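K.L.:
got a predicted structure plus its sequence, pasted below:
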Amino acid sequence: MPVYIKIISTLLLLNLLLSENLINKKLNYKIEFRGIDAGVAYLKLEEDTLLSKSVLRLNSELKTNKFIDLFYKIRDDITVYLDSSNLSLLKVINKINEGPYKKNHWAIFDIDTKNIITKNKHIEIDKAYSPLSIIYSLRKELLNINDTYKYDIYSLGKIKKIAMKVLNKEKIKTSFGEFDTIVVSPISSENLAAIKNNGDMKIWFTNDQNKYPIKIELKINYGKLVLRLHSIE
């Protein structure tokens, strides 16, 4: 990439990073798997309505490139409707395609009865989050070292209790330069890092008032996918 183009791209990203509000902004990521380019992903949070009420809609897609497809093809498409005030889950539509595993799933949260309703079951719970929505939820927190934030996570018909702990600070090199970050990871009951189950994630937020998720590590069956922020639209 020519130096002047890289400088312009860096200035554009830094300008966007000065804006705290990520609503109506698309975060584009490049995916790495074991150190090689593996595909692309994005997150986009938008204003919407659900049952005539104002909500937020979070869209996410993750797809591997043609080379990785030869070994383990991923085409994940997730839409989550969130409460505008606390980012808790109101509705989710999952279209999951990971290797031989395929799953279409939907669920909706009934505010009156405090139940997550799916095709086959009702799950009584006061409030739950999507694994993706906690990325945005954590941005609202102070994120001091050793702080822990607990969530009830709903994913594909199951509730999982997790604790996200602020582990340390770390410098991250990107195509736009080097950033100071805050590292947040799920922990076990023994207070150890607990990235061992599919769907767990480790997140690097920029160490500033905006806390942008500049790097995300996802656990899959055959290892870890690393998502690095590439651009913001």
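P.N.:
That came through, no problem. Being a predicted model, the structure only gives us computed values, none of them experimental.
K.L.:
how about stretch 77-86: buried residues?
P.N.:
Judged by neighbour count (16 or more other C-beta atoms under 10 Å), stretch 77-86 contains these buried residues: I78, T79, V80, Y81, L82, D83. The way it works is simple: take the backbone N, C-alpha and C, and place the C-beta from them, glycine included.
K.L.:
nearest residue to the first one other than its sequence neighbours?
P.N.:
Closest residue to I78 in three dimensions, ignoring its sequence neighbours and counting by C-beta to C-beta, 6 or more residues apart in numbering: S60, at 4.6 Å.
K.L.:
quick one: average pLDDT of the helix or strand hosting the one you found?
P.N.:
With elements delineated by DSSP states H and E, S60 resides in strand 53-64, which encompasses its position. Rounded to a whole number, the mean pLDDT of strand 53-64 is 96.
K.L.:
quick one: list the elements packing against the helix or strand following it.
P.N.:
Next helix or strand after strand 53-64 toward the C-terminus (DSSP H and E): helix 66-69. Packed against helix 66-69 by the contact rule (3 or more C-beta pairs under 8 Å, 6 or more residues apart in numbering; DSSP states H and E) you find strand 36-50.
K.L.:
and the strand it packs on, how far from the chain's centre?
P.N.:
Once both centres are worked out by C-alpha atoms, centre = their mean, to the nearest Å, strand 36-50 turns out to sit 9 Å from its chain's centre.
K.L.:
can I get that strand in CSV? Just the C-alpha atoms.
P.N.:
Taking only C-alpha atoms (Å, rounded to 0.1, in the frame of the first residue of the first chain), the coordinates of strand 36-50 have been written out as CSV:
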residue,chain,number,x,y,z
ILE,A,36,-2.9,-16.6,7.8
ASP,A,37,-5.7,-14.5,6.2
ALA,A,38,-8.9,-16.4,6.7
GLY,A,39,-11.9,-14.2,5.7
VAL,A,40,-13.9,-11.2,6.7
ALA,A,41,-16.5,-10.2,9.3
TYR,A,42,-18.5,-7.2,10.4
LEU,A,43,-20.6,-5.8,13.2
LYS,A,44,-23.2,-3.1,12.6
LEU,A,45,-25.5,-1.5,15.2
GLU,A,46,-28.6,0.4,13.9
GLU,A,47,-31.8,2.0,15.1
ASP,A,48,-34.9,0.0,14.4
THR,A,49,-38.4,-0.9,15.7
LEU,A,50,-39.7,-4.2,17.1
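K.L.:
many thanks, have a good one.
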